[in-house]
Each structure stands twice: as structure tokens, then as C-alpha cells.
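>>> Give the three-dimensional model of this entry:
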Amino acid sequence: MEATPISMKPPSPAPAAPPPATLEPGDLPTHAFGGTELEPSSMNQLAIAPDPKRPRVEEAADGNGCKHCACKKSRCLKLYCPCFSGGGYCSDKCGCQPCFNKEAFAETVHTTRKVLLSRQKRMSMKINRRPEANTEPMEDAHHSSSSTPPKRGCNCKKSSCLKKYCDCYQ
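Below you'll find the model as predicted:
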């Protein structure tokens, strides 16, 4: 048996095709279904497709300014529901499951809004109240009236009162 020598040279490149002069709109490559890859008129209108996992939030066409919500456990009676916090009712376009923010449950919605409003009033009174016995100015910058008021009445640890469900959030 005779051994054949193995060449360590890389294979020679294929002869390069001459570059095309200029592409005309009719010279665009076509797909199997007959259309071109990009139409010349739509080249400037390219857009990124929306993420299919995230629900799309749009303004309602009925003009009440309600964004379509997708609440699942809150029954649309919490401040983080955009329909409820905006002061309107949920529409048929909303994707919420057990929704109580409808005109049929107007009494429940009104009561819940009243409770939240009274809670916010109590929080603002509690924060703005200063003890009368201590009339000398405070030296600590954290407690001065020019800084933000201290946050009392909630148990926010991780969110630092920056979420809509917090009583201190404004």
C-alpha cells in the first residue's frame, strides 16, 4: 500500500464574480412566493416588530383615555390598574379576567375610590403634621421641610415607595 502525501495548503478560493454595476429596483432578489425582499418604497419605513410576549397598550378609541389593562388578581380595583387610576371604567378591549371596574359595579368602584382617597388624605395629614411642642428648627436635613417628607404608614422595603400600590406614592 502506498501512502499519499497530504497537502497542508488551504483550498484555493473560488474565482470572484465581477461586482454588479448598480442595482435597479427591478434587480432586487425575489422569494419563492414571487415578492421582492424589500420594496423600494418601503425601505425607509422599516420598523421593529412588537414583542409578542408583551401585551400592547393603546389608547381607547372610545375617548375616555383609558389604557387597556390586563389585570388578573386585583379585579381592577387597585391603583396600579391604569383604567382605575385614571378615573374611568374598563372597556371591552381590556384583557382583565375578574373585572369589577365596570359600570355594573359602580357602587363597589365608588366605595373603593372613597377608601383610597381617605387613605391618601390620612397619609398626607400624617406626613404634614408637626409636633407643636418642638418649635425649634430641626438640624437634620432629612427632616427639614424643604426635603421630601418622611415616608410613614407603609411597609415598603425593596420598592422605596416608588410603586403605585404604595400609599406614599404620588
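>>> send the alpha carbons of the helix or strand of the chain with the lowest mean pLDDT over as CSV?
Within the chain, no helix or strand scores below helix 106-128, which has a mean of 80 by mean pLDDT, DSSP states H and E. C-alpha atoms of helix 106-128 as CSV (Å, rounded to 0.1, in the frame of the first residue of the first chain):
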residue,chain,number,x,y,z
ALA,A,106,-70.4,51.3,40.1
GLU,A,107,-71.2,51.2,43.8
THR,A,108,-68.1,49.0,44.5
VAL,A,109,-65.9,51.2,42.4
HIS,A,110,-67.2,54.3,44.1
THR,A,111,-66.6,52.8,47.6
THR,A,112,-63.1,51.6,46.7
ARG,A,113,-62.2,55.1,45.3
LYS,A,114,-63.5,56.7,48.5
VAL,A,115,-61.4,54.4,50.7
LEU,A,116,-58.3,55.1,48.7
LEU,A,117,-58.9,58.8,48.7
SER,A,118,-59.4,58.9,52.5
ARG,A,119,-56.3,56.8,53.0
GLN,A,120,-54.3,59.3,50.9
LYS,A,121,-55.7,62.2,52.9
ARG,A,122,-54.8,60.5,56.1
MET,A,123,-51.3,59.9,54.8
SER,A,124,-50.8,63.5,53.8
MET,A,125,-52.1,64.7,57.2
LYS,A,126,-49.8,62.4,59.0
ILE,A,127,-46.8,63.4,57.0
ASN,A,128,-47.5,67.2,57.1
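>>> Tell me how far residue 110 lies from residue 82.
19 Å (Cβ to Cβ, to the nearest Å). (Glycine included, C-beta is placed from N, CA and C.)
>>> correction: residue 160
22 Å.
>>> Could you check which of the two is surrounded by more residues?
residue 82 (20 against 10; other Cβ atoms under 10 Å).
>>> surely the more buried one meets residue 67?
Yes. Residue 82 sits in contact with residue 67 when judged by Cβ atoms under 8 Å, with a separation of 4.2 Å.
>>> Just the buried positions in stretch 82-90, please.
Neighbour-count burial for stretch 82-90, counted by 16 or more other Cβ atoms under 10 Å, picks out 82, 83, 84, 85, 88, 89, 90.
>>> Alpha carbons of it, in PDB - could you do that?
Taking Å, rounded to 0.1, in the frame of the first residue of the first chain, the C-alpha atoms of stretch 82-90 are listed here in PDB:
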ATOM      1  CA  PRO A  82     -54.400  52.100  34.500                       C
ATOM      2  CA  CYS A  83     -58.200  52.200  34.000                       C
ATOM      3  CA  PHE A  84     -59.000  52.500  37.700                       C
ATOM      4  CA  SER A  85     -56.200  55.000  38.500                       C
ATOM      5  CA  GLY A  86     -57.200  57.100  35.500                       C
ATOM      6  CA  GLY A  87     -60.700  57.500  37.000                       C
ATOM      7  CA  GLY A  88     -62.500  55.600  34.200                       C
ATOM      8  CA  TYR A  89     -64.100  52.100  33.800                       C
ATOM      9  CA  CYS A  90     -62.500  49.200  32.000                       C
END
